[in-house]
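Engineer: pasting the sequence and the predicted model now:
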Amino acid sequence: MAEYQNIYLILSAILFTIGCGGVITRKNAIVVFLSIEIMLGAVNLAFITFSRANNSPEGIFMVMCIMAVAAAEAAVGLAIFVLLYRQTGSINIDKFNLLKW
Amino acid sequence: METLDFTLPVISFQAVWPQIILVATALFVLLADVFKRKEKTALIGFMSLAGSIMALACLLVTWPTSGGSSFSGMVFTDGFSFFIALIILLILILTIMISINYQKFFSRINCGEYYALILFATCGMTLMAAAGNLILIFVALETMSVSIYVLAAFHKDKLRSAEAALKYFLLGAFASGFLLYGFALIYGATGTLDIVKIGNFISSHPNILHSKLLIAGLVMMTVGFGFKISMVPFHMWTPDVYEGAPTVITGFMATGVKAAAFAALIRVVLVPLISLKVDWISIMWIAAFLTMTVGNIIALAQDNIKRMLAYSSIAHAGYILIGFVAGTGLAQAGMLFYLMAYAFMNIGAFGVVALLGKEEGEYDQISDFAGLGFKYPVMGVAMAVFMFSLAGIPPSGGFMGKFYIFTEGIKAGYIWLVIFGAINSIISIYYYLRVVVVMYFHPSEGIVTMPRPSRTTVLALAIACWGVLLMGIFPSYFWSFATSCVFTLM
């Protein structure tokens, strides 16, 4: 297990970076949200790896909670996207610039 | 796998009675909304008000005399969590009282889910302050955040509100990703998610202090919490969201979310990771300095009062971070005191702004306040009290809060940071007093009128005013209360 642990952690770090990059560069709100989900996937992978390495079940419980919460967040997020799409006909985040100083 | 020895943990529901009442009220309100008659609009508001007062009474009855925990370490029952819960429940009660009036002029807001979401968010906030485990901190944080994403979008037909919700949602979810990755790395370094066990593990394994996992985890966690307390450079969402969200919700967000996130930050970073202080102290020093300065400087240029108050809330987060940098027990008491004073004065200020709101416009420009001081004298005096308190002019709670935090900062040896804090609070006087000057010395244009507020709103503003003045004139009572709460934290 121990020698594979690092591989999983590196994979998790790469996924997290991909997600992060997606949030920063993408313009479509749904793709941004997708990238956030990739980040959460990376977190889940890290938790499971550490849980296995430390031989403690807490990490797996955390993953359960993260998945449940991510589902709730997706529901709210998509509702907000629909609300915006109805009003403006677009979910391009560059278009939303009513609020700035 | 070996078999698990399982013994039922000792559970005392006393630890979570207020939260149980909050959730029960929220569910009841949701149900009652379906069955109530259309014209009984304020009824739902009064129901949730009754529920939250019950929760507050329950909190005061079950107030712990010593530290402890329940649900096998998941929930702390110490003075600290109860003090934060007290602040948050006061915020909840004032918010609901102001909402009852605000709703009369925004007919589309008037739904059971509005109050239910506020109650759910409050439940999450209080649990965040009481959490003894990173799992619960995360779940409570998301309970709070998801409810508030929805509340921010509650002006369904206004693009600004939806845009604010979009920004808050995307950045909030992004920040929770960082927070979770931080939790994962700390879990990897210490092998546990329990806050007390993390602290014990670090003090019994001094080698871990050089572990890159732990430090990376700490940094990512600070980023995650930094978003919630709007610490510079993670503050960009704050003004946009505060401006776009319904005014009452903005007040709720500015005070409640901040109190809860600071509580969690103290719980997770200050107490178990205190031996890592050499690593994070310089980062937090700079963050505190930048947060105060950026908030105050940009606030000078604002014309929209909600936006101005948003930048001012960033600046106040900076003052509270001075207490965090000092980090002693008394500094934590100073933070508690400040959070309470801040809750009263900010809810009050947003409450006054909400008084002007009507269906056709929010009237939230500072120039809209011209001449209102003489036209509506009571409202003018209340707004002046809140502005003086936010600026930190005695005798007000804001002044005493700053006094305690700055004193502890000097005692801990961060003299320069305190000097910058004092300079900043002098800068801030300009833009707070500008509101008062516009209110009293600029001629009224006669366009903006204040609809007659309901009795609950007047009462709420009176309570906030009274709280601000009481904390300024008799601070020692609150101070000894806050210190006694902190010393049961350990």
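Structural biologist: Happy to help now that I have it. Residues are numbered from 1 along each chain as shown, chains lettered A, B, ... in the order given.
Engineer: so what's B:Met54 up against?
Structural biologist: For B:Met54, the contacting residues are B:Ile21, B:Thr25, by Cβ atoms under 8 Å, 6 or more residues apart in numbering or on different chains. Heads up, the C-betas are built off the backbone N, CA and C, glycines and all.
Engineer: can you rerun that using 7 Å?
Structural biologist: Taking Cβ atoms under 7 Å, 6 or more residues apart in numbering or on different chains, we find B:Met54 in contact with B:Ile21.
Engineer: could you list the low-pLDDT ranges of chain A?
Structural biologist: A:1-2, A:97-101 (pLDDT under 70).
Engineer: what residues does stretch B:205-214 touch?
Structural biologist: Contacts of stretch B:205-214 (Cβ under 7 Å, 6+ apart): B:Leu185, B:Ile186, B:Gly188, B:Ala189, B:Ile202, B:Ser275, B:Leu276.
Engineer: and what of stretch B:443-462?
Structural biologist: B:94, B:97-98, B:100-101, B:105, B:348, B:351-352, B:355-356, B:358, B:363, B:368, B:370-372, B:375-376, B:379, B:382.
Engineer: so which residue of the stretch 201-350 of chain B comes closest to chain A?
Structural biologist: Nearest residue of the stretch 201-350 of chain B to chain A (Cβ to the nearest Cβ) works out as B:Asp240 at 4.1 Å.
Engineer: ok, that residue touching B:Ala164?
Structural biologist: Yes. Between B:Asp240 and B:Ala164 a contact is recorded at 6.0 Å, counting by Cβ atoms under 7 Å.
Engineer: among these two, which residue is more densely surrounded?
Structural biologist: Per other Cβ atoms under 10 Å in any protein chain shown, whichever of B:Asp240 and B:Ala164 has more neighbours is B:Ala164, with 30 against 24.
Engineer: my impression was that that one belongs to a helix - is that right?
Structural biologist: Yes. Looking at B:Ala164 with DSSP: H, G, I helix; E, B strand; the rest coil, it is inside a helix.
Engineer: how much space between the nearest residue to it once chain neighbours are set aside and B:Ile198?
Structural biologist: Computed as Cβ to Cβ, 6 or more residues apart in numbering or on different chains, the closest residue to B:Ala164 that is not its neighbour in sequence is B:Gly244, at 2.6 Å. According to Cβ to Cβ, to the nearest Å, B:Gly244 stands 38 Å off from B:Ile198.
Engineer: please say which of those two ends up with more neighbours.
Structural biologist: B:Gly244 (28 against 23).
Engineer: now the more buried one: how far from B:Ser69?
Structural biologist: Taking Cβ to Cβ, one finds B:Gly244 at 39 Å from B:Ser69.
Engineer: and if you look at B:Leu214?
Structural biologist: Distance from B:Leu214 to B:Ser69, by Cβ to Cβ: 24 Å.
Engineer: now do B:Gly226
Structural biologist: From B:Gly226 to B:Ser69 the distance is 27 Å (Cβ to Cβ).
Engineer: okay, those two: which has more neighbours?
Structural biologist: Comparing B:Gly226 with B:Ser69 by other Cβ under 10 Å, the one with more neighbours is B:Gly226, at 24 against 21.
Engineer: within range of chain A, give me the residues from the stretch 251-400 of chain B.
Structural biologist: Within the stretch 251-400 of chain B, the positions adjacent to chain A are B:Ile298, B:Arg307 by Cβ under 7 Å from any Cβ of the partner chain.
Engineer: where does the stretch 251-400 of chain B have low pLDDT?
Structural biologist: B:359-360.
Engineer: how about a cut-off of 80?
Structural biologist: B:274-276, B:279, B:357-363 (pLDDT under 80).
Engineer: do a quick rundown of the helices in it.
Structural biologist: Applying DSSP state H, counting those that start in this stretch to the stretch 251-400 of chain B gives helices spanning B:258-265, B:277-299, B:305-326, B:329-356, B:372-375, B:377-391, B:397-411.
Engineer: how about those in CSV, adding mean neighbour count and distance to B:Ser454?
Structural biologist: Rendered in CSV, the data for the helices of the stretch 251-400 of chain B read as follows (neighbours: other Cβ atoms under 10 Å in any protein chain shown; distance: least, Cβ to Cβ, whole Å):
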stretch, mean neighbour count, distance to B:Ser454
helix B:258-265, 27, 26
helix B:277-299, 19, 31
helix B:305-326, 27, 22
helix B:329-356, 27, 10
helix B:372-375, 18, 19
helix B:377-391, 22, 14
helix B:397-411, 23, 26
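Engineer: can you redo the ones you listed as a markdown table with distance to A:Glu73?
Structural biologist: Listed next are the helices of the stretch 251-400 of chain B as a markdown table, based on distance: least, Cβ to Cβ, whole Å:
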| stretch | distance to A:Glu73 |
| --- | --- |
| helix B:258-265 | 18 |
| helix B:277-299 | 27 |
| helix B:305-326 | 24 |
| helix B:329-356 | 26 |
| helix B:372-375 | 41 |
| helix B:377-391 | 33 |
| helix B:397-411 | 34 |
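Engineer: quick revisit: for the residue nearest to B:Ala164, give me its contacts.
Structural biologist: B:Gly244 neighbours (Cβ under 7 Å, 6+ apart): A:Leu99, B:Ala152, B:Arg160, B:Ser161, B:Glu163, B:Ala164.
Engineer: distance check, it against A:Glu73.
Structural biologist: In terms of Cβ to Cβ, B:Gly244 sits 20 Å off from A:Glu73.
Engineer: repeat that for B:Leu433.
Structural biologist: Taken as Cβ to Cβ, the span from B:Leu433 to A:Glu73 is 41 Å.
Engineer: which one's more surrounded, those two?
Structural biologist: It is A:Glu73, of B:Leu433 and A:Glu73, that has more neighbours when counted by other Cβ under 10 Å, with 22 against 15.
Engineer: touching, that one and B:Ala173? I think so.
Structural biologist: Yes. The pair A:Glu73 and B:Ala173 qualifies as a contact (Cβ under 7 Å) at a distance of 5.9 Å.
Engineer: from the contacts of B:Gly244, pick the one nearest A:Asn92.
Structural biologist: B:Glu163 (12.2 Å; Cβ to Cβ).
Engineer: mind jotting down where the strands sit in chain B?
Structural biologist: Assigned by DSSP state E, the strands in chain B fall at B:69-70, B:75-76.
Engineer: which single residue of the stretch 1-150 of chain B ends up nearest chain A?
Structural biologist: B:Glu142 (4.5 Å).
Engineer: any idea how many residues pack against that residue?
Structural biologist: Residues lying near B:Glu142 (other Cβ under 10 Å) number 24.
Engineer: packing partners of the longest helix belonging to chain A?
Structural biologist: Using DSSP state H, we find that the single longest helix of chain A is helix A:58-88. In terms of contacts (3 or more Cβ pairs under 7 Å, 6 or more residues apart in numbering or on different chains; DSSP states H and E), helix A:58-88 is packed against helix A:29-54, helix B:134-152, helix B:159-190.
Engineer: quick one: work out the angle between that helix and helix A:29-54.
Structural biologist: If you take axes from the mean of the first three to the mean of the last three Cα atoms, to 10 degrees, helix A:58-88 sits at 180 degrees to helix A:29-54.
Engineer: list the buried residues for helix A:58-88?
Structural biologist: With burial defined by 16 or more other Cβ atoms under 10 Å in any protein chain shown, the residues of helix A:58-88 counted as buried are A:58-59, A:62-63, A:65-66, A:69-70, A:73, A:76-77, A:80-81, A:83-84.
Engineer: since that was my last question, I'll sign off now.
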